[in-house]
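1. Dropping the sequence and predicted coords here.
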Amino acid sequence: MSIEALVSAGPIATNAPHSRKAYPDGWQPRSDLDTATGGYIVTKPFETGQEPQHEDVIREFGEDPNQWIVTSVRRSKWQQREGGPWLEAIRINMLPTSGQRGDEHDHAALMSMIGKWKPAATKAIATDLGTFVAPAGDLQLGKPDGGGTRGTVDRFLRETEAICQRLRADLPRGTKAAQIVLPWLGDCIEGVASQGGKLVMRLDLTPTQQVRVYRRLMWAQIKAFLPLAERIVIPVLPGNHDQAHRIGDKMATFNDDSWAIEGASAVMDGINEHDELGDRVSFLFPGHDELTICLDVAGTNIAMTHGHMFGRDPLKWWNDQAGGRQPAGDADVLLAAHSHHLRVQDHGGGRLFMQIPALDGGSNWFRHARGDESRSRMISFWTSDGMVRGLDPVT
């Protein structure tokens, strides 16, 4: 009996030996679609190896494939009778490409955009020119201002490729850097905790979607720099926007209870599943309830933090850390984010303070209140023996 005949015949008579229904309960061919919220299609049974194209199934149920985006697929497999051929059906879950669930479509498109992006490849062998550092911070994924999350994703990928091009130009032909440090300096997501949750209705992604995009961007960055370095070190710092929980606009948990730490930990787990990647890519996190990482980078002691503890005077904070004999007080370089604009300032004892620009799309609130805006971009530099050189505000 053909598959079409099998479907039209309905359930097999109960007196047939070792018989089963034509399809399991819940897998009858049907569609349940709403043009605003989406829905699903369950296909007719087909023999294993003869799965129809999703577009053809959508057309068969009278819908235009261009008006729907497939978000996931479920499968069922069974035998209609003992010893008979294996049959399958799939349930195609879909969302409309426009309408009330446009935010979901944008999120799916962002995932696809990041996944398809590939950096230019290079062939190289290890060399030692010091350590190359390319920090990122204040992406605030989910923030709608200045092109929203889509604009931030595009900006991050373009800036990453620009920094890779700069690194290729700096390296002698046929070589790669011995080590690259890629600090993530906090506020990777907008979150819902800041400002007492007042901005929840403005977000263009939910918190879980924000973290998902953050993870994918970190993977894309690692893929970009792997051909250019023998070893990659990724320090990850918590910020104020990616705090996991607040009560009354006050932090109500440990400093390292952060979506920035959680998202990066998931990427680290994936890296460590591959021996070759695990040997070349490592992550650093602050200690429990800490906000700062200090790292010896080719003889340069760099202290890294987000910066929300500074107040208006980061250099006073740095001096206080030295006065209290905290590890950050001994650093040659203090590298921070939080204030969203580039600031490079010499400090006593040959020390250097660097505040990196944000990668978000700016702030309508700040522009309305102060009339000021800063360009969103990344920076990069080389360092060794306590010195920073080749600081490049990539544009």
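-> On my side now, so go ahead. Note that the structure is predicted; figures quoted are calculated from it, not measured. Residues are numbered from 1 along each chain as shown.
2. residues contacting the residue most central in space within the chain?
-> With distances taken as Cα atoms, centre = their mean, Tyr214 lies nearest the centre of the chain, 2.0 Å away. Shown in contact with Tyr214 (Cβ atoms under 8 Å, 6 or more residues apart in numbering): Leu139, Leu141, Cys188, Ile189, Trp259, Ala260, Gly263. Placement of C-beta: from N, CA and C, glycine included.
3. Who wins on neighbours among those residues?
-> For those, the largest number of neighbours (other Cβ atoms under 10 Å) sits with Cys188, at 34 neighbours.
4. hang on, the earlier thing: residues of the helix or strand hosting the residue nearest to the centre of the chain that come out buried?
-> In the assignment (DSSP states H and E), Tyr214 maps to helix 207-225. Buried positions in helix 207-225, judged by neighbour count with 16 or more other Cβ atoms under 10 Å: 207, 209-222, 224-225.
5. now do stretch 335-342
-> Residues of stretch 335-342 classed as buried by neighbour count (16+ other Cβ under 10 Å): Leu335, Ala336, Ala337, His338, Ser339, His340, Leu342.
6. Please apply the same query to stretch 246-260.
-> Arg246, Asn255, Asp256, Asp257, Ser258, Trp259, Ala260.
7. quick one: terminal-to-terminal distance for that stretch?
-> Distance between the two ends of stretch 246-260: 15 Å, counting by Cα to Cα, to the nearest Å.
8. residues in contact with that stretch?
-> The contact list for stretch 246-260, computed with Cβ under 8 Å, 6+ apart, reads 184, 186-189, 191, 193-197, 207, 210-211, 214, 236-240, 242-245, 285-291.
9. Need the buried ones from these selected in ChimeraX.
-> Buried residues among the contacts of stretch 246-260 (16+ other Cβ under 10 Å), as a ChimeraX selection:
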select :184,186,187,188,189,191,193,194,207,210,211,214,236,237,238,239,240,242,243,244,285,286,291
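10. from the contacts of stretch 246-260, which ones fall inside helices?
-> Assigned to helices by DSSP state H, the following of the contacts of stretch 246-260 qualify: Pro207, Gln210, Val211, Tyr214.
11. Format these as a markdown table; extra columns: pLDDT.
-> Output for the ones in helices among the contacts of stretch 246-260, formatted as a markdown table (pLDDT from 0 to 100):
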| residue | pLDDT |
| --- | --- |
| Pro207 | 88 |
| Gln210 | 90 |
| Val211 | 92 |
| Tyr214 | 93 |
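12. that older thread, of all the buried residues of stretch 246-260, which comes closest to Ile163?
-> Within those, the smallest distance to Ile163 is 20.5 Å, found for Ala260 (Cβ to Cβ).
13. Spatially, which residue comes closest to that closest one, not counting chain neighbours?
-> Leaving aside its sequence neighbours, Ala260 sits nearest to Asp242 (Cβ to Cβ, 6 or more residues apart in numbering; 4.4 Å).
14. How much space separates the one you found from Gly49?
-> Computed as Cβ to Cβ, to the nearest Å, the Asp242 to Gly49 distance reads 46 Å.
15. Give me the distance between the residue nearest to Ala260 and Leu141.
-> If you go by Cβ to Cβ, the gap between Asp242 and Leu141 works out to 10 Å.
16. Asp257 too?
-> Applying Cβ to Cβ to Asp257 and Leu141 gives a distance of 19 Å.
17. Can you tell me the closest non-neighbouring residue to Asp289?
-> Among residues not flanking Asp289 along the chain, Phe254 sits closest, at 4.6 Å (Cβ to Cβ, 6+ apart).
18. Please read the previous query as pertaining to Leu284.
-> Leu284's closest residue in space is Pro235 (Cβ to Cβ, 6+ apart), at 4.3 Å.
19. Report pLDDT for the one you found.
-> In this model, Pro235 is scored at 96, pLDDT.
20. Number the residues from 24 up from this point.
-> New numbering, starting at 24: the last item is Pro258.
21. Could you tell me how many residues sit around it?
-> Residues near Pro258, counting by other Cβ under 10 Å, number 24.
22. Provide a list of residues in contact with it.
-> Pro258 touches Val204, Leu205, Pro206, Trp207, Phe306, Leu307, Phe308, Ile316, Leu318, Met327, counting by Cβ under 8 Å, 6+ apart.
23. please redo it, this time with the cut-off set to 7 Å
-> By Cβ atoms under 7 Å, 6 or more residues apart in numbering, the contact set of Pro258 is Val204, Pro206, Leu307, Ile316, Leu318, Met327.
24. give the contact list for the first one.
-> It stands for Val204. Val204 is in contact with Thr154, Val156, Val256, Pro258, Val320, counting by Cβ under 7 Å, 6+ apart.
25. hmm, try it at 6 Å
-> Thr154, Val156, Val256, Val320 (Cβ atoms under 6 Å, 6 or more residues apart in numbering).
26. Excluding chain neighbours, give the residue nearest to the second one in space.
-> Nearest in space to Val156, with sequence neighbours left out and distances taken as Cβ to Cβ, 6+ apart, is Val204 at 4.7 Å.
27. who's the one you found bridged to?
-> With DSSP bridges applied, Val204 shows beta-bridge pairing to Val156, Val256.
28. Local confidence estimate at it?
-> On the pLDDT scale, Val204 gets 97.
29. same deal with Leu29?
-> You'll see Leu29 listed with a pLDDT of 32.
30. Also Pro34?
-> 40.
31. likewise Cys317?
-> Looking at Cys317, its pLDDT is 94.
32. residue ranges with poor pLDDT in the stretch 124-273 of the chain?
-> Applying pLDDT under 70 to the stretch 124-273 of the chain flags the ranges 124-150, 217-221.
33. let's see it at 80
-> 124-151, 168-169, 216-224, 266-267, 269-273 (pLDDT under 80).
34. did I read that right, the residue nearest to Asp312 in a helix?
-> No: with DSSP: H, G, I helix; E, B strand; the rest coil as the criterion, Phe277 is coil rather than part of a helix.
35. do you know how far it is from Pro68?
-> Taking Cβ to Cβ, one finds Phe277 at 53 Å from Pro68.
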